[in-house]
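In: this one's structure only:
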């Protein structure tokens, strides 16, 4: 029954998308406003696809193993929360979530952009529904979450245990709103090119949608990093994994796009920058989908390994790319900016080129191993050393531009108070020297990164005082830029001052290192609903302060599917994290204990949250003004 209902709703959405395209196209040929039927069809479309998703959720809740998706990704003993999260924790269900977001953004764009030209709005709707149809056909004929299995199994295979986690339950929806939200300004950019709608008001039509997707994309990346930190057991939060990179690529483009919109709105410049970045952002989102779902990458983050799915997405992606390029070349007009080298516009343009540099570097590092594997049959890995070597030196210069750019004036700028910037730089150098003096020395590059981060932080904080005098306080920019400076600073200090020790230890034994001791005091076996756990009790003692902490890492044994996982124990404070993992050694009384001291981890998460807060303030202030 649920299978039939789900398929009926999917086919209904196909019919509705065709109806919207037909009605909108007919409405383009007549004068007057947008046909009310289009609003009604869009509302029905969004409502029906949401109902379709709730049907799938119901199938997971009642453990309807007649559906292949439920059978492969759920189990009757799985907690209710993870049954629901399992709806989008798989390839088929996540694609249905894509279709929901595409439809909702399509309807909301139509409703909230009433002041823009009719032709532009209708063409945006038509292009968005072409995208919706592309994904609906993919779902129906290749990745149907309502496909049946016969005979009906009595029990499901269960969801991968490392995916049974609260952070990973909310990570995909957040990321998809960012990924898929980019579709609406992709469609709007195509419509803008077709209709020659290149006035300032075009930027107003997409600006808030860019901010919404950027905020959710940032939150999605943050939650994924937090999950990787405490779940994967290696103690880091970003490993430059290809699938991690796939989420970062659109973020670079979104960041450049938003800054370009500021110039376009203020000076009516950078129109084609805006268009190209709109096209690139969603194209990179679909590229990420291809990488995750095609099976060409081997990662804990990947969804599927069916080549036929990859081929469909590759064809869809190729049509998007070549169609966009063809239209862009048809409509492209060379823009003569004639920008003053010392102006806000120039600084934003420099920001864009920095973002493009990061984007191209990460993209090359991600796809290069794929091409070498295909062409030479040699598997190579591009890891953190590559990205750290190329990106980090450039970050130093980028942070300096980021500190100076917002202070520049439009059209022509004359930097005043050079002495203040010099004093800020001296202050940053002194703070860096104090860190070295009181703690320990570090590499020359690390020195430059810390100094440039401090320079950005201090100059951004000074902006508050200057803005209060002029009664022009740009809270959104100050919060985001200052928080980004703190993010780089805390990541740098975390990397410099982290401590890691690895020991084989047996029950009752104590190990001492530097000013710490670690003792395995007890092991306990506990049974839970869907797994058993061997829980260690380890005492971490600071020999200088005589402070002790008890940490309880776990070895979990899941039955459905049969999997062994190692759960980290983390003691978090505002100053540092103690991070501990325990793993068993076969045919031995010893356990491998990996201890890490991770300074300022909480502040890394807080910095990213504050970056999003800055973006959200900008979003709400723009929405209020418009």
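Out: On my side now, so go ahead. Predicted model only: the values in this text are computed from it and were never measured.
In: as a whole number, average confidence for stretch 578-590?
Out: The pLDDT scores in stretch 578-590 average 88.
In: ditto for stretch 445-455
Out: Rounded mean pLDDT across stretch 445-455 is 94.
In: Can you list the buried residues in it?
Out: Within stretch 445-455, the residues scored as buried using 16 or more other CB atoms under 10 Å are 446, 447, 448, 449, 450, 451, 452, 453, 454, 455. From N, CA and C alone the C-beta is placed, and that goes for glycine too.
In: After the helix or strand harbouring the fifth one, which helix or strand is next?
Out: It refers to residue 450. Element membership for residue 450, per DSSP states H and E: helix 444-470. Using DSSP H and E, the helix or strand that follows helix 444-470 in sequence is helix 475-497.
In: So which other helices or strands are in contact with that following helix?
Out: helix 384-404, helix 444-470, strand 590-599, helix 601-625 (3 or more CB pairs under 8 Å, 6 or more residues apart in numbering; DSSP states H and E).
In: Quick one, which of these gets closest to residue 436.
Out: Shortest distance between residue 436 and these, using CB to CB, is found for helix 444-470: 7.9 Å.
In: For residue 176, give me its contacts.
Out: With contacts defined as CB atoms under 8 Å, 6 or more residues apart in numbering, the neighbours of residue 176 are 88, 94, 97, 98, 101, 220.
In: now with 7 Å?
Out: Residue 176 makes contact with 97, 98, 101, according to CB atoms under 7 Å, 6 or more residues apart in numbering.
In: now those residues as JSON lines including pLDDT, distance to residue 18 and secondary structure?
Out: Below are the contacts of residue 176 laid out as JSON lines (pLDDT from 0 to 100; distance: CB to CB, whole Å; DSSP: H, G, I helix; E, B strand; the rest coil):
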{"residue": "97", "pLDDT": "94", "distance to residue 18": "22", "secondary structure": "helix"}
{"residue": "98", "pLDDT": "93", "distance to residue 18": "19", "secondary structure": "helix"}
{"residue": "101", "pLDDT": "96", "distance to residue 18": "20", "secondary structure": "helix"}
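In: Could you export those residues as TSV, including neighbour count and distance to residue 351?
Out: TSV is the format used below for the contacts of residue 176 (neighbours: other CB atoms under 10 Å; distance: CB to CB, whole Å):
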residue	neighbour count	distance to residue 351
97	19	32
98	24	30
101	21	28
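In: Can you lay out those as JSON lines showing distance to residue 189?
Out: Shown next, in JSON lines, are the contacts of residue 176 (distance: CB to CB, whole Å):
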{"residue": "97", "distance to residue 189": "24"}
{"residue": "98", "distance to residue 189": "19"}
{"residue": "101", "distance to residue 189": "18"}
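In: Pick out whichever of the residues you listed sits closest to residue 135.
Out: residue 98 (5.6 Å).
In: and the residue lying closest to residue 287 once chain neighbours are set aside, what element?
Out: In this structure, residue 287 finds its nearest non-sequential neighbour in residue 317, 6.3 Å apart by CB to CB, 6 or more residues apart in numbering. Secondary structure assignment for residue 317, by DSSP H and E: helix 307-331.
In: In the helix or strand immediately after that helix in the chain, which residues are buried?
Out: Toward the C-terminus, helix 307-331 is succeeded by helix 344-376 as the next helix or strand (DSSP H and E). For helix 344-376, burial by neighbour count (16+ other CB under 10 Å) applies to 344-352, 354-355, 358-359, 361-363, 365-367, 369.
In: Also stretch 393-413?
Out: For stretch 393-413, burial by neighbour count (16+ other CB under 10 Å) applies to 395-396, 398-400, 402-408, 413.
In: Now distance to residue 276 too, for those residues, in JSON lines please.
Out: Shown next, in JSON lines, are those (distance: CB to CB, whole Å):
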{"residue": "395", "distance to residue 276": "24"}
{"residue": "396", "distance to residue 276": "27"}
{"residue": "398", "distance to residue 276": "21"}
{"residue": "399", "distance to residue 276": "25"}
{"residue": "400", "distance to residue 276": "26"}
{"residue": "402", "distance to residue 276": "22"}
{"residue": "403", "distance to residue 276": "27"}
{"residue": "404", "distance to residue 276": "26"}
{"residue": "405", "distance to residue 276": "21"}
{"residue": "406", "distance to residue 276": "24"}
{"residue": "407", "distance to residue 276": "28"}
{"residue": "408", "distance to residue 276": "24"}
{"residue": "413", "distance to residue 276": "26"}
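In: Just name the closest of these to residue 533, please.
Out: Using CB to CB, residue 395 is the member of those that lies nearest residue 533, at 41.3 Å.
In: Which residues are in contact with that closest one?
Out: Residue 395 sits next to 449, 488 when contact means CB under 7 Å, 6+ apart.
In: what about 10 Å?
Out: The contact partners of residue 395, by CB atoms under 10 Å, 6 or more residues apart in numbering, come to 354, 358, 402, 445, 448, 449, 452, 453, 488, 492.
In: Residue 364 is in contact with the second one, correct?
Out: No: contact status for residue 358 versus residue 364: not in contact, 11.1 Å apart, counting by CB atoms under 10 Å.
In: Mutual contacts of the two, please.
Out: With CB under 10 Å, 6+ apart, residue 358 and residue 364 have common neighbours residue 390.
In: Which residue lies closest in space to residue 495, excluding its sequence neighbours?
Out: Residue 495 sits nearest to residue 446 (CB to CB, 6+ apart), 7.7 Å away.
In: circling back: neighbours around the residue nearest to residue 287, how many?
Out: 16 (other CB atoms under 10 Å).
In: And it, how far from residue 173?
Out: Residue 317 sits 23 Å away from residue 173, going by CB to CB, to the nearest Å.
In: Just say helix, strand or coil for the residue lying farthest from the centre of the chain.
Out: Distance from the C-alpha centroid of the chain peaks at residue 508, with 43.4 Å (CA atoms, centre = their mean). Per DSSP: H, G, I helix; E, B strand; the rest coil, the secondary structure class of residue 508 is coil.
In: That one touches residue 520, doesn't it?
Out: Yes: between residue 508 and residue 520 there is a contact under CB under 10 Å: 6.8 Å.
In: isn't residue 149 right up against residue 157?
Out: No: counting by CB under 10 Å, residue 149 stays clear of residue 157, with 11.2 Å between them.
In: which neighbours do these two share?
Out: Here residue 149 and residue 157 have 65, 70, 71, 72 as joint contacts, going by CB under 10 Å, 6+ apart.
In: quick one, which of the helices and strands packed on helix 475-497 is nearest to residue 267?
Out: helix 601-625 (17.3 Å).
In: Give me the buried positions along the closest one.
Out: Neighbour count says helix 601-625 has 601-608, 610-619 buried, by 16+ other CB under 10 Å.
In: Next: stretch 222-242.
Out: The neighbour-count check on stretch 222-242 (16+ other CB under 10 Å) flags 222-233, 235-242 as buried.
In: count of residues packed around residue 459?
Out: Residue 459: 26 neighbours (other CB under 10 Å).
In: Let me have the shared contacts of residue 149 and residue 157 in JSON lines, adding neighbour count and secondary structure as columns.
Out: JSON lines is the format used below for those (neighbours: other CB atoms under 10 Å; DSSP: H, G, I helix; E, B strand; the rest coil):
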{"residue": "65", "neighbour count": "20", "secondary structure": "coil"}
{"residue": "70", "neighbour count": "31", "secondary structure": "helix"}
{"residue": "71", "neighbour count": "20", "secondary structure": "helix"}
{"residue": "72", "neighbour count": "17", "secondary structure": "helix"}
